[in-house]
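In: Structure for this input, please:
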Amino acid sequence: MDSAHTKDEGESMAQVGAGPAGKARERTINFYQIVKFKNQSVNKRMKHADWQSILKAIEGKPLKTRLVTSATRTLIGEVLSVDGELHLKLMVVRDQDA
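Out: Numbering: from 1, shown residues only. I've put the predicted structure just below:
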């Protein structure tokens, strides 16, 4: 298991997120590259952007404006501040009927 998929030995189940019957939930982290969509086979990397300004504009927006639904999944974006820098966390809605 890679480091993005593990927990520290000292963490309790509550800290990691206990599921039914105390079973630890699995959490997966994915990293994405932002590209400019051209077509299914050719996409170009975007020029550098001022992501701190972009994320600052998204921070605190209502949930409905941070929700993206495609044919295969729904993503929720959340802006987090870590060590004085803003980061975008994307969460996948796993069970929309729950």
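In: how about the helices of the chain, start to end?
Out: Secondary structure of the chain, counting by DSSP state H: helices at 13-16, 51-58.
In: Mean pLDDT lowest where, among those?
Out: Per-stretch mean pLDDT for the helices of the chain is lowest at helix 13-16 (a mean of 42).
In: Looking at strand pairing, list the partners for the nearest residue to Q33 once chain neighbours are set aside.
Out: Nearest residue to Q33, sequence neighbours excluded (CB to CB, 6 or more residues apart in numbering): R45, at 7.2 Å. C-beta: built from backbone N, CA, C; applies to glycine. Beta bridges link R45 to V35, judged by DSSP bridges.
In: Counting neighbours, what do you get for R45?
Out: 9 (other CB atoms under 10 Å).
In: Next: A24.
Out: 14.
In: Might one say that I58 is in contact with I76?
Out: No. The pair I58 / I76 is not scored as a contact, 11.8 Å apart, by CB atoms under 8 Å.
In: what sits in contact with each of these two?
Out: Listed as contacting both I58 and I76 by CB atoms under 8 Å, 6 or more residues apart in numbering are R66.
In: on that earlier part again, in contact with the residue nearest to Q33, which residues?
Out: Per CB under 8 Å, 6+ apart, neighbours of R45: Q33, I34, V35, K36.
In: Surely the third one is in contact with N43?
Out: This points to V35. Yes. Counting by CB under 8 Å, V35 does reach N43; the two are 4.1 Å apart.
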